[in-house]
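Trainee: Show me how the following folds:
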Amino acid sequence: MLFLKKYRLHYAWIILMAACVLNIASRADSASFGVFLDPLVKMFGWSRGDISLAYSLAFLAGLPVVVVMGWLGDRYGARPIMVMASLVIATGTVLLGTIKELWHFYVFYGFFVGSVGNAAFTVLLPVILSRWFHSHLGLALGIYWAAMGISPTIFAPLFRWLIETHGWGWSFSLMGVILGSILILFSSLIRSNPYEKGLPAYGAKDLTLDAPAPAASGILPPGLREVLAKPQVWCLMGIHHAGCVGHSIVLAHVVSMATLQGVPGLTAAGVLSTIAGTSIISRFICAVLTERLGGRFLLTMVLIGQSTPVLILLFAREAWVFYLFAVVFGLCYGGEMVGFPIINRQLFGLKAPLGSIYSFEMLGGSTGMALGGWLGGMLFDLSGAYTWSILASVAVGYLGLPLSLALPRRSSAVVPGATTPTIDDKSG
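Mentor: Below is the predicted model of the structure:
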């Protein structure tokens with residue numbers, strides 16, 4: 001605190017720094033799934049479809065967990081929930097090194113690491129940032145979303161190197177201890193809102209004396225029923241579902257696609273890292289552009305941009321082609337999810353139940369990630385090649401285009417300062 005006072009640094013920036021680190025570390029296992037496929041096939045002879053089911057289970061099991069974590073965070077504060085989630089992720093990572101049966105992998109990856117542990121950070125951190133930043137919220141969220149792309153950039157090749165050089169069990173034991181320590185340390189810095197530090201939000205002139213929002217009561221927020229009657233909500237949910245199906249096929253299987261073409265394992269893991277690294281650019285830029293250009297234009301461009309390059313994988317035989325694909329694909333795929341909170345504000349206004357609307361969109365995205373991860377492996381098992389998986393990724397991504405074009409134009413959206421939802425139902 002002396003450092004903060006000396007340099008007049010608002011604690012909101014400490015919250016942002018901690019949130020970014022937690023965002024990176026909490027996704028270390030889940031974002032590196034693609035590098036686990038080949039070692040598991042080699043060690044146990046399990047099919048890629050069966051292994052990929054764990055990827056899907058993580059998202060499906062996380063759907064109710066997200067709701068529960070949000071309620072617990074409102075009732076008891078985010079910090080104790082995050083410390084608990086840190087222990088769950090650390091325990092699950094260590095236990096991944098002990099698996100002997102397929103169901104062990106389902107439980108330790110799909111439940112401990114992928115859903116229970118990860119859900120707490122996924123649902124709580126963006127809300128916390130929105131409370132701490134009155135000014136520069138767009139910048140803060142842009143930095144936060146960009147940090148999400150760093151996790152696989154670091155951990156996918158690290159996991160692959162550790163597994164190839166030190167074995168499966170030792171690698172996960174070591175990473176479990178390291179990740180747990182990082183997560184617990186930075187979770188201790190988190191405060192749910194500025195009231196806990198006796199501060200106003202960053203950019204606010206005065207300390208607001210209003211109490212924080214009460215715990216969830218289970219009653220639908222005012223206006224939610226009316227908003228859910230609007231077709232735009234379901235369009236956005238469908239767009240997120242289609243986009244996530246398309247890119248989850250790639251994220252879960254691109255490393256395996258490369259190794260099947262003779263690319264060395266560590267080099268193939270770098271393809272996933274490159275996708276994640278280049279996505280940092282689109283995560284930040286698309287968050288800014290969505291506010292200026294509107295969701296209709298950005299989502300349409302992003303869906304085209306993430307779906308079309310997947311066709312390159314049909315002709316990829318050498319490492320440089322996979323890396324070329326990774327750069328082009330990553331520059332678009334990262335922008336698919338970041339604009340939804342901004343789009344909701346534009347379409348429905350500040351007084352709408354934006355958190356509940358966003359949870360419905362997360363439902364579409366999570367089911368899309370679950371379906372895509374499993375679908376890629378299942379189609380490979382049926383055909384013996386990834387051709388149909390690649391075509392499915394492209395086709396499902398394009399299915400989201402009519403939904404994005406059905407959204408209102410930027411001029412029809414609510415002005416950011418609006419207080420009530422005034423949606424123009426014409427797509428114009």
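Trainee: Could you tell me the model confidence score at residue 4?
Mentor: The model reports residue 4 with a pLDDT of 53.
Trainee: Ok, residue 70 next?
Mentor: 68.
Trainee: ok, now the one 10 residues further on?
Mentor: According to the predicted model, the pLDDT of residue 80 comes to 91.
Trainee: Can you verify it is assigned to a helix?
Mentor: Yes: the assignment for residue 80 (DSSP: H, G, I helix; E, B strand; the rest coil) places it in a helix.
Trainee: What is the burial count for it?
Mentor: Look at residue 80: counted by other CB atoms under 10 Å, it has 13 neighbours. To be clear about C-beta, it is placed using only N, CA and C from the backbone, and glycine gets the same treatment.
Trainee: quick one, what contacts it?
Mentor: If a contact means CB atoms under 8 Å, 6 or more residues apart in numbering, then residue 80 has no contacts.
Trainee: which parts of the helix or strand harbouring residue 141 are buried?
Mentor: Secondary structure from DSSP states H and E places residue 141 in helix 137-148. Within helix 137-148, the residues scored as buried using 16 or more other CB atoms under 10 Å are 137, 140, 141, 142, 143, 144, 145, 146, 147, 148.
Trainee: Return the closest of these with respect to residue 181.
Mentor: Nearest to residue 181 among those is residue 147, at 18.8 Å by CB to CB.
Trainee: With adjacent residues omitted, what lies nearest to residue 21?
Mentor: Excluding its sequence neighbours, the residue lying closest to residue 21 (CB to CB, 6 or more residues apart in numbering) is residue 186, at 4.7 Å.
Trainee: picking up where we left off before, and the next element down the chain from the helix holding residue 141?
Mentor: Once the chain leaves helix 137-148, the following helix or strand, as judged by DSSP H and E, is helix 150-166.
Trainee: how far out from the middle of the chain is the very next helix or strand once past that next one?
Mentor: Counting by DSSP H and E, the next helix or strand C-terminal to helix 150-166 is helix 168-187. How far helix 168-187 lies from its chain's middle: 20 Å, per CA atoms, centre = their mean, to the nearest Å.
Trainee: before we move on, what about stretch 104-121?
Mentor: Centroid displacement of stretch 104-121 relative to its chain, using CA atoms, centre = their mean, is 14 Å.
Trainee: what's the first-to-last distance across that stretch?
Mentor: 24 Å (CA to CA, to the nearest Å).
Trainee: just to revisit the earlier point, just the buried residues of helix 137-148 now: which is nearest residue 256?
Mentor: residue 148 (22.6 Å).
Trainee: Low-confidence regions, the stretch 151-300 of the chain specifically.
Mentor: Residues of the stretch 151-300 of the chain meeting the criterion pLDDT under 70: 206-224, 227.
Trainee: As a check, name the ranges of all helices in it.
Mentor: Using DSSP state H, counting those that start in this stretch, the helices of the stretch 151-300 of the chain run over residues 168-187, 224-228, 231-260, 265-293, 295-307.
Trainee: quick one, which of these is nearest to residue 348?
Mentor: Nearest of the helices of the stretch 151-300 of the chain (CB to CB): helix 224-228, 5.9 Å.
Trainee: How many residues are close by residue 384?
Mentor: Residue 384 - counted by other CB under 10 Å - has 7 other residues nearby.
Trainee: how far away is it from residue 345?
Mentor: 47 Å (CB to CB, to the nearest Å).
Trainee: For stretch 375-393, list every residue counted as buried.
Mentor: By 16+ other CB under 10 Å, the buried positions in stretch 375-393 come out as 375, 376, 377, 378, 379, 380, 386, 389, 390, 391, 392, 393.
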